[in-house]
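Asker: take a look and give me a structure for this.
(4 chains)
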2 protein chains.
Amino acid sequence: MAAEKKTRANGRASRRAILAAALDVFAERGYRGTSLSEIASRVGMTQPGLLHHFSTKEDLLLGVVREHEERTTPDVNSHLDPTHLELREAMEAWASLNEREPVQQLLLTTLSAEAVPDEHPLHEYFVEHYRDYRRRFAATLRRAQKAGVIRADVDVASVAREIIATIDGLRLQWLLDPKKVNLKSALSEYASRVEAELTDPQRELSTR
Amino acid sequence: MAAEKKTRANGRASRRAILAAALDVFAERGYRGTSLSEIASRVGMTQPGLLHHFSTKEDLLLGVVREHEERTTPDVNSHLDPTHLELREAMEAWASLNEREPVQQLLLTTLSAEAVPDEHPLHEYFVEHYRDYRRRFAATLRRAQKAGVIRADVDVASVAREIIATIDGLRLQWLLDPKKVNLKSALSEYASRVEAELTDPQRELSTR
DNA sequence: GTCTATATAGGGATAGAC
DNA sequence: GTCTATCCCTATATAGAC
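Answerer: Numbering: from 1, shown residues only, chains lettered A, B, ... in the order given. Next up, the predicted model:
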């Protein structure tokens, strides 16, 4: 353990530092707007030095996204228990986790919009991400429906899509203008309305 | 009218062509991802030739945004009549206008996300845009409330913020995956639920 | 009004020394 | 594992001819 000079397992540390810096820069400036030199200099390294750990820019981006998937705070759906479906509590808990560390949410906002064109390296990833998210959220709602927690006539696929959309849209308004839009209370108020709508036995969905 | 060789009012035509091409490219690749040469070549011109009409890249971006504001299809709020508040019809009409020409919506999605950091040339613009949009939408709802079209206990500011967010979020899902997400029907189903919620006299908003 | 030429800066990636 | 040097490409912007 005392034989090596400088090589060895501080390469691990460098890799971690690079991923952390890259997260910040990709979140702020997107994939196209980011330069490897910027990330490298943030970790006290040169740009070719960085490329020793991630051989291309795209490789680094994928590393950041993979890291995000493993380490990030789970999404709103994962906070839900179908047998109770306390949407408001789940959203508030999730918002609290993100309000202090907005960088993960900024990353998603920035990259998902940038990834709309087919040629973007993350295009397929986000298409699948949203398909999966909608599927999982709808499944949660369906289970809640079978448990009798929400009304039987609710179109769970449509509501799942809507809730995901609203979370994303409120996230954008919050990131742009955090002084005017409070993520936690905005989500909380929204969730209260949705809960009331999904559970109220009086309500009839008019298709007109 | 026959005295001039090549100068004169075909500069107007060039300007218009440049703005049209710039709209497409900025929408697809954002401000940072766009190159002036790409736009110039699309209108059969060189990059310095383009800079004769717009002296900087930022100047061109502002030109595109200004053009968008003047010529674009109005937002959902402008489709609403507070004395009836037919949200579903308004959203369907608006969606129809945009489904055939998604570029304007792509522009908003791309640039609003890119403009989250303060240094972005459109940061202030989008902050103000959303403040104003929320204000106007809330005012419409308030008028509907006074006209007795929607319940008196509705928090119009919160609902306005939510509807705008949902439109944006559904727009992203639609742009990413138009085969799986139909903008018009997604908005229509959402609007039906909101309408029912806002008008149903039975419902009580539980704050728990 | 549009071109060519050019200045100047920055990008990603490779070669090879230490 | 990280550096310097370098290649090659692309970017915005300016100068000046036509």
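Asker: any idea which element A:Asp118 lies in?
Answerer: For A:Asp118, there is no enclosing helix or strand under DSSP states H and E.
Asker: so how far is B:Gly33 from it?
Answerer: 14 Å (CB to CB, to the nearest Å). (Each C-beta comes from the backbone N, C-alpha and C, glycine too.)
Asker: more neighbours: which of these two?
Answerer: Legend: neighbour count by other CB atoms under 10 Å in any protein chain shown for A:Asp118 and B:Gly33, higher for B:Gly33 (19 against 8).
Asker: the nearest residue to that one once chain neighbours are set aside in helix, strand or coil?
Answerer: Of all residues not flanking B:Gly33 in the chain, A:Arg32 sits nearest, at 3.9 Å (CB to CB, 6 or more residues apart in numbering or on different chains). The assignment at A:Arg32 comes out as coil when based on DSSP: H, G, I helix; E, B strand; the rest coil.
Asker: what about A:Ala22, is that helix, strand or coil?
Answerer: Of the three states, A:Ala22 takes helix according to three-state DSSP.
Asker: and stretch A:48-64, is it in reach of DNA strand D?
Answerer: Yes. Stretch A:48-64 lies within reach of DNA strand D by CB under 7 Å from any atom of the strand, at A:48-49, A:52-53.
Asker: so where's chain A shaky on pLDDT?
Answerer: Along chain A, the model assigns pLDDT under 70 to residues A:1-8, A:201-208.
Asker: could you pull out the helices for it?
Answerer: Assigned by DSSP state H, chain A shows helices spanning A:10-29, A:36-42, A:47-50, A:57-71, A:87-100, A:103-114, A:123-146, A:156-176, A:183-199.
Asker: domain ranges for chain A?
Answerer: Per the record, chain A has its domains at A:2-66, A:73-199, by automatic domain parsing.
Asker: what parts of chain A come near DNA strand C?
Answerer: Residues of chain A lying close to DNA strand C by CB under 7 Å from any atom of the strand are A:34-38, A:47-48, A:51, A:55-58.
Asker: just to revisit the earlier point, by neighbour count, which of the residues of stretch A:48-64 next to DNA strand D wins?
Answerer: Of all the residues of stretch A:48-64 next to DNA strand D, A:His53 has the most neighbours under the rule other CB under 10 Å, reaching 19 neighbours.
Asker: which phi and psi does that residue have?
Answerer: In terms of degrees, to the nearest 10, the main-chain angles of A:His53 are phi -90, psi -40.
Asker: residue contacts, the residue nearest to A:Arg151 when sequence neighbours are not counted?
Answerer: Distance criterion CB to CB, 6+ apart; nearest residue to A:Arg151, sequence neighbours excluded, is A:Leu198 at 6.2 Å. Listed by CB atoms under 8 Å, 6 or more residues apart in numbering or on different chains, the contact set of A:Leu198 reads A:85, A:141, A:150-151, A:154, A:159.
Asker: circling back to that earlier point, who wins for most neighbours among the residues of chain A next to DNA strand C?
Answerer: Ranked by neighbour count (other CB under 10 Å), those have A:Thr34 at the top, with 21 neighbours.
Asker: and it, how far from B:Ser35?
Answerer: For A:Thr34 relative to B:Ser35 (CB to CB), the value is 16 Å.
Asker: A:Ala186 against A:Trp174, yeah?
Answerer: Yes. At 6.9 Å, A:Ala186 counts as touching A:Trp174 under the criterion of CB atoms under 8 Å.
Asker: pretty sure A:Leu60 sits against A:Ala22.
Answerer: Yes. Using CB under 8 Å, A:Leu60 makes contact with A:Ala22 at a distance of 5.5 Å.
Asker: phi, psi for the residue lying closest to A:Gln104 once chain neighbours are set aside please.
Answerer: Among residues not flanking A:Gln104 along the chain, A:Thr72 sits closest, at 5.1 Å (CB to CB, 6+ apart). Phi and psi for A:Thr72, reported as degrees, to the nearest 10, are phi -70, psi 160.
Asker: gap between A:Thr72 and B:Trp94?
Answerer: From A:Thr72 to B:Trp94 the distance is 34 Å (CB to CB).
Asker: please say which of these two ends up with more neighbours.
Answerer: Ranked by neighbour count (other CB under 10 Å), A:Thr72 and B:Trp94 place B:Trp94 first, with 22 against 15.
Asker: and the more buried one, how close does it get to DNA strand D?
Answerer: To DNA strand D, B:Trp94 is 33 Å away according to CB to the nearest atom of the strand, to the nearest Å.
Asker: please report how far that residue lies from B:Leu175.
Answerer: From B:Trp94 to B:Leu175 the distance is 15 Å (CB to CB).
Asker: quick one on the thing from earlier: quick one, which of A:Ala186 and A:Trp174 is more surrounded?
Answerer: A:Trp174 (26 against 23).
Asker: residues near A:Leu187, how many?
Answerer: So A:Leu187, with other CB under 10 Å, has 27 neighbours.
Asker: please apply the same query to A:Gln104.
Answerer: Neighbour number of A:Gln104 under other CB under 10 Å is 16.
Asker: also A:Arg100?
Answerer: Counted with other CB under 10 Å, A:Arg100 comes out at 6.
Asker: and if you look at the one 5 residues further on?
Answerer: Residues contacting A:Gln105 under the criterion other CB under 10 Å number 23.
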